[in-house]
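**Student:** Here's my sequence, what's the structure:
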Amino acid sequence: MSNIPELPLSRDPFWRDLVPLLKQAVLDRLSAALDTGDAGLFAASEEGFRHDWLRLGETVYAQLAQQRVDQWEAEHPPAAERCPRCDRKVQNQGRQAKTFRTLMGLVELQRVYVRCRWCGESWCPAERGLGIAPDTFSPGAQARIVAAAAQGAYERASRHLADAYRIEASATTIGTVCETVGRDLQGRQDRAPSVAPPLTDRQGKPSALGVLQLDGVSAPVRVPGGREYREVRVLRLEDGAGEQTTLHAMVGAHDQVMETTSRLVNRRMGLGLDQRVGHSVFVRDGARWMAHDAQQYLPGVAQVLDFYHLFEHVAEWTRAVHPENALAAAALRERLKDVARHEGGVALRTALVEHHAAITATGGADAAPALPPDRRAALEAATTALLQYLDGQLPYTDYPSYRAQGWPIGSGAVESACKQVVTQRMKGAGMAWSERRLPLLANLRALYLSRLSWDAYWELRRQECRVPAAQAPKPYALSA
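**Tutor:** You can find the predicted model right below:
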């Protein structure tokens, strides 16, 4: 039992003194379980050992953290501090306690607090010097809280956090943490450049084919006297190999949505990553504002009209052609699909015009010799509406060419993303969101579902808390 292998943790000076204590806790707990002669080894030891492990880890972690603070303050006396605003000396306000909630449990730190009596600025030098985030929750605890909230209701997330991580956070606290992290994420994305870059990678070579898709779904918000619905737009970015997919959710006016889309396309998810996603193809629905704004905010990106969105309009027209014969309407629709898929939008328009002319003639194979006036009027209106829609989309309906190049022509992937991001999380029974928190949590949910971007975001947060090696305290022994 004593031959427990060396843990990789022991190579980290910060944990060097913790490892022997953890080893001894393992030996003591397992030895006690074996001595009982109980065949149910895990039943006799697992709960007790987990409790001992976590309590020991919490105690030692808090002790090590406090020693780090003490050592740093000994090496950087408050008398040497100067105000970052006015560069004057500051007053020592004495030591004050602050409790941080971490993955290792509650950690209370006593640290020196200083204040500038000239400009009123006050802070804890050790927090800045050691890269301690000012939040009550550590970055690791925040990541677990946001992940739990992104998966389900706040109340359920609260129970999960207590059971799995011993993080005590009420539903209200979880909502506050999510809002704070959501604003931080939104700020990073807003700081990304707003102009789309050339379609090249970092070596100046043409970027690989990437797919950009945008769709929306409504979510409930609370308003005085009841509830209303706001459309949440979900952006899906896929790299050329189809291996990396990132999602983003946003709420706002059309131009705001497209400007944000441009920022996120320019720099993947706005997380400071240098790698750009190839964004050669934008598969979209038939909204005219989207086509217009894409030309402004995504210059040089090829647009593709969603094939199935187009045929929602064609289906309405076929029902006007055969209002009392659903089978005939479906058969006509399938024939027109073959035309569009293999010959393109221009050929589809020609087929629509020819079919309309044959029907509205004095006699036709697909209609009665003389159409009743009301049916003729309905058919004329449906044909005019479809042709007007199609005329505005013809440049984006060259489906044979798109398919030959391997481009997608449908938006099923982003519609699925809308269900995952918004419907499954934001539209539960009885749910209604504030106008302020709806876009923030939807965006966090999208980030959580984008595994690579989720990891990149929290790694960036951890990097910002790191201290240069020259400023890091030296290792020391654990006190008795």
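**Student:** Now the element after the helix or strand containing Arg349, going C-ward?
**Tutor:** Using DSSP states H and E, Arg349 falls within helix 345-360. Under the assignment DSSP H and E, the closest C-terminal helix or strand after helix 345-360 is helix 373-393.
**Student:** Which parts of stretch 126-136 count as buried, going by neighbours?
**Tutor:** Across stretch 126-136, burial judged by 16 or more other CB atoms under 10 Å covers 126-127, 129-130, 132. Glycine gets a C-beta too; all of them are placed from N, C-alpha and C.
**Student:** what does stretch 64-73 give?
**Tutor:** Buried residues in stretch 64-73, counted by 16+ other CB under 10 Å: 64-66, 68-73.
**Student:** what does stretch 344-351 give?
**Tutor:** In stretch 344-351, counting by 16+ other CB under 10 Å, buried: 344-345, 347-349, 351.
**Student:** what do you get for stretch 213-232?
**Tutor:** Judged by neighbour count using 16+ other CB under 10 Å, the buried positions of stretch 213-232 are 213-217, 219-221, 230, 232.
**Student:** could I get those as a markdown table with secondary structure?
**Tutor:** Shown next, in a markdown table, are these (DSSP: H, G, I helix; E, B strand; the rest coil):
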| residue | secondary structure |
| --- | --- |
| Gln213 | strand |
| Leu214 | strand |
| Asp215 | strand |
| Gly216 | strand |
| Val217 | strand |
| Ala219 | strand |
| Pro220 | strand |
| Val221 | strand |
| Arg230 | strand |
| Val232 | strand |
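**Student:** Setting aside sequence neighbours, what's the nearest residue to Gly345?
**Tutor:** Closest residue to Gly345 apart from its sequence neighbours, by CB to CB, 6 or more residues apart in numbering: Thr397 at 2.6 Å.
**Student:** quick one: contacts for the closest residue in space to Thr102 that isn't next to it in sequence?
**Tutor:** Nearest residue to Thr102 in three dimensions, chain neighbours excluded: Ser138, at 4.1 Å (CB to CB, 6+ apart). Counting by CB atoms under 8 Å, 6 or more residues apart in numbering, Ser138 touches 100-103.
**Student:** cutoff 10 Å now
**Tutor:** By CB atoms under 10 Å, 6 or more residues apart in numbering, Ser138 lies in contact with 100-104, 107, 132, 144, 167, 465.
**Student:** quick one, phi psi at it?
**Tutor:** phi -70, psi 160 (degrees, to the nearest 10).
**Student:** now stretch 338-346: how far from the chain's centre is it?
**Tutor:** 36 Å (CA atoms, centre = their mean, to the nearest Å).
**Student:** got it, and stretch 332-352?
**Tutor:** Here stretch 332-352 shows a centroid-to-chain-centroid distance of 38 Å under the convention CA atoms, centre = their mean.
**Student:** So what touches it?
**Tutor:** 305, 307-308, 310-311, 314-315, 317-319, 321-322, 325, 355, 366, 383, 386-387, 390-391, 393-403, 409.
**Student:** now do the same end-to-end measure for it.
**Tutor:** 10 Å (CA to CA, to the nearest Å).
**Student:** Which helix or which strand is home to Val339?
**Tutor:** Using DSSP H and E, Val339 falls within helix 326-343.
**Student:** how many neighbours does Glu415 have?
**Tutor:** 19 (other CB atoms under 10 Å).
**Student:** so it is in which element?
**Tutor:** helix 412-418.
**Student:** buried stuff in that helix?
**Tutor:** Residues of helix 412-418 classed as buried: 413-415, 417-418 (neighbour count, 16+ other CB under 10 Å).
**Student:** re earlier: model confidence score at the residue nearest to Gly345, please.
**Tutor:** pLDDT for Thr397: 95.
**Student:** thinking again about what came up before, reformat the buried residues of stretch 64-73 into TSV and put secondary structure and distance to Arg425 next to each item.
**Tutor:** Putting these into TSV (DSSP: H, G, I helix; E, B strand; the rest coil; distance: CB to CB, whole Å) gives the following:
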residue	secondary structure	distance to Arg425
Leu64	helix	38
Ala65	helix	35
Gln66	helix	39
Arg68	helix	39
Val69	helix	39
Asp70	helix	44
Gln71	helix	44
Trp72	helix	42
Glu73	helix	44
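**Student:** which one of those residues sits closest to Trp289?
**Tutor:** Taking CB to CB as the measure, Trp289 sits nearest to Ala65 out of the buried residues of stretch 64-73, at 53.1 Å.
**Student:** For that closest one, give its distance to Ala148.
**Tutor:** Separation of Ala65 from Ala148 (CB to CB, to the nearest Å): 24 Å.
**Student:** same check, this time on Arg85
**Tutor:** The gap separating Arg85 from Ala148 is 38 Å, by CB to CB.
**Student:** now do Trp317
**Tutor:** 48 Å.
**Student:** and the closest residue to Ala328 other than its chain neighbours, how many neighbours?
**Tutor:** What sits nearest to Ala328 in space, not counting adjacent residues and going by CB to CB, 6+ apart, is His322, at 4.3 Å. Using other CB under 10 Å, His322 has 18 neighbouring residues.
**Student:** Please state the backbone phi and psi of His322?
**Tutor:** Dihedral angles (degrees, to the nearest 10) for His322: phi -120, psi 70.
**Student:** Is there a quick ChimeraX command that grabs whichever of the contacts of stretch 332-352 are buried?
**Tutor:** The buried residues among those can be selected in ChimeraX (16+ other CB under 10 Å) with this line:
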select :305,307,310,311,314,315,317,318,319,321,322,355,383,386,390,393,396,397,398,399,402,409
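**Student:** Nice, that's everything, thank you.
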